[in-house]
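A.B. asks: Okay, sequence plus prediction incoming.
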Amino acid sequence: MDRNEDQILADELAGLGSMGWGSGRLVRFVATLMKKNVHEMDLVIPLPFDDAVERVSRVLNQVGRAVETRQAAPGRDGETIRVVASGGAGGMNPVVVTALVSKGGENSSKVRLRAAAKEGLIKQRAGEKAATRVAALLHKAR
């Protein structure tokens, strides 16, 4: 991934700052100081690798806006897909959701799901809630 989670979240929050919540630069600086709520989970999807990548990509694009995708290089067994989704109160807290899809067994694939969001004074657990929501959608999409 070219930008890390903290950079993406700071940029997204700064974008909110330019919508009347203060200076974008100030919001970006404050965002770098905020703690993150991160939740990770491992899933097994009963699909071959290419089909699993397609499903994960489709579900992630339903919940958020694509930020980066890193395809498996020749001879490698993984693909990373990243989106920015809405979370928290009123959907105003950006959440970076990253899925690493890798080959599992013959007819299954592994998904390492990670969601991260900045936490302010009021703990919203947006990262945890987003990861749980995406995992549920991946299981439903069968």
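C.D. replies: Cool, got the structure. Residues are numbered from 1 along each chain as shown.

A.B. asks: Just confirm Gln124 is within a strand.
C.D. replies: No: counting by DSSP: H, G, I helix; E, B strand; the rest coil, Gln124 is not part of a strand but coil.

A.B. asks: Just give the closest residue to it, not the sequence neighbours.
C.D. replies: Nearest non-adjacent residue to Gln124, counting by C-beta to C-beta, 6 or more residues apart in numbering: Gly88, 4.3 Å away. Quick note: C-beta positions are derived from backbone N, CA and C, even for glycine.

A.B. asks: count of neighbours near the one you found?
C.D. replies: Neighbour count for Gly88, taken as other C-beta atoms under 10 Å: 21.

A.B. asks: distance of it from Arg82?
C.D. replies: Remark: distance between Gly88 and Arg82 (C-beta to C-beta, to the nearest Å) = 19 Å.

A.B. asks: what does Glu40 give?
C.D. replies: Distance from Glu40 to Arg82, by C-beta to C-beta: 14 Å.
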